[in-house]
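Engineer: Structure for the following, please:
(one chain, ligands or ions: 1)
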Amino acid sequence: MAGILVVTGGSRGIGAATVRLAAQAGWDVCVNYLRDQAKAEAAAAGAREHGVRAIAVQGDMAREQDVMRLFAAVDDQLGPVTGLVNNAGTTGPAGKLLDLTAETVESVMAINVVGPFLCSREAARRMARSRGGQGGVIVNVSSRAAALGSPNEFVHYAASKGAVDSLTIGLSKELAPEGIRVNAVNPGLIDTEIHDASGIPGRLDRLVGGVPEGRVGAAEEVAQAVVWLLSERSSYVCGALVPVSGGR
Ligand code: NAP
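Structural biologist: Numbers count the residues shown, from 1 in each chain. This next block holds a predicted model:
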């Protein structure tokens, strides 16, 4: 049964595709975004066309006060959250270890790791049976980079997603007795704006030859897996890391 869903970074890319498919499946949705209010409002409006309630809420998921404000807004405007997709993420600037700055590592870890921890905590405080909640489901958007390592360009990013995999495994065991299922998807090369933002134009074209299926993926193909993990159709799937990567 669908419920009340928070999608972090829901304004574009994989997050926006998740908002669309989750609304089709009947979820009320909070679309979080960092900067692009127009796209977030458009994603929320698109969700409402499916007959569900949807709001857009700005907030930097790397900042605890923003996370607290977002979940309070959901309490007030939609009700207690029953689903969370930890999707907001960044690669940070591409580069080799020899040129790496502490600032790059710290900011990538804050967005990709601290954010999912804080959002999961706030969701779990509302979902946990021991706190009077009705259970729920959390899906983390990790990356195949966690296993591949992304040498020469994004080891800092790959390491952050390795942490997301560990977070998924640990919380799946900690929260299952609370009625909360936790899983992750590990996308491969997906056609979104994240690649150009990293500072390497043409990255997808350069790497697509290494994909067994011979093509990059679409955001919607990842969202299909996320929405399945949110649904009762995956009711006995717990602690899974699901590759969505064309075999890469
Ligand atoms: P994208 O197109 O760059 O979109 C990123 C989204 O995250 C945007 O909605 C952005 O908001 C939001 N965001 C960024 N920093 C944020 C912050 N600090 N707080 C709140 N929101 C923030 O990225 P994408 O490719 O869809 O990636 C989504 C997730 O999939 C990420 O976790 C990424 O690591 C993962 N992933 C992507 C790929 C790929 O090939 N694309 C592969 C593996 C994993 P604004 O629009 O307001 O800026």
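
Engineer: what sits against the residue lying closest to residue 217 once chain neighbours are set aside?
Structural biologist: Among residues not flanking residue 217 along the chain, residue 190 sits closest, at 4.6 Å (Cβ to Cβ, 6 or more residues apart in numbering). Backbone N, C-alpha and C define where each C-beta goes, glycine included. Residue 190 is in contact with 13-14, 216-219, 221-222, counting by Cβ atoms under 8 Å, 6 or more residues apart in numbering.

Engineer: do residue 27 as well
Structural biologist: Residue 27 is in contact with 2-5, 52, 83, 230, counting by Cβ under 8 Å, 6+ apart.

Engineer: same question, residue 69
Structural biologist: Residues in contact with residue 69 (Cβ under 8 Å, 6+ apart) are 57, 59.

Engineer: Same question for residue 153.
Structural biologist: By Cβ under 8 Å, 6+ apart, the residues touching residue 153 are 94-96, 198, 200.

Engineer: quick one, helices of this structure?
Structural biologist: Using DSSP state H, the helices of the chain run over 13-24, 37-48, 64-77, 102-109, 115-127, 145-148, 155-175, 194-197, 203-207, 219-230.

Engineer: okay if I get those as CSV plus mean pLDDT?
Structural biologist: Output for those, formatted as CSV (pLDDT from 0 to 100):
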stretch, mean pLDDT
helix 13-24, 98
helix 37-48, 98
helix 64-77, 98
helix 102-109, 98
helix 115-127, 98
helix 145-148, 98
helix 155-175, 99
helix 194-197, 90
helix 203-207, 93
helix 219-230, 98
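
Engineer: For the ones you listed, state which one has the densest average packing.
Structural biologist: helix 13-24 (a mean of 25; mean count of other Cβ atoms under 10 Å).

Engineer: Nearest to the spatial middle of this protein, which residue is it?
Structural biologist: For the chain, the residue nearest the mean C-alpha position is residue 87 (1.5 Å; Cα atoms, centre = their mean).

Engineer: hang on, the earlier thing: looking at the contacts of residue 190, which is nearest residue 103?
Structural biologist: When these are ranked by distance to residue 103 (Cβ to Cβ), residue 13 comes first, at 24.0 Å.

Engineer: quick one: the residue nearest to that closest one when sequence neighbours are not counted and residue 23, what's the gap?
Structural biologist: The spatial neighbour of residue 13 that comes closest, neighbours along the chain excluded (Cβ to Cβ, 6+ apart), is residue 192 at 3.6 Å. According to Cβ to Cβ, to the nearest Å, residue 192 stands 19 Å off from residue 23.

Engineer: returning to that earlier point: for burial, what's the neighbour tally of the residue nearest to residue 13?
Structural biologist: The tally of other residues near residue 192 (other Cβ atoms under 10 Å) stands at 21.

Engineer: OK, contacts around it?
Structural biologist: When contacts are counted by Cβ under 8 Å, 6+ apart, residue 192 touches 12-14, 219.

Engineer: Please list the residues of the chain that sit near the ligand.
Structural biologist: Within reach of the ligand by Cβ under 6 Å from any ligand atom, the chain has these residues: 8-9, 11-15, 32-36, 39, 60-62, 87-90, 111, 141, 143, 187, 189-190, 192-194, 197, 219.

Engineer: Among those residues, which are located in strands?
Structural biologist: Mapping these onto strands (DSSP state E) picks out 32-33, 141, 187.

Engineer: So which of those residues wins on neighbours?
Structural biologist: Using other Cβ under 10 Å as the neighbour criterion, residue 32 leads these with 31 neighbours.

Engineer: What sits closest to that residue if chain neighbours are left out?
Structural biologist: In this structure, residue 32 finds its nearest non-sequential neighbour in residue 8, 4.6 Å apart by Cβ to Cβ, 6+ apart.
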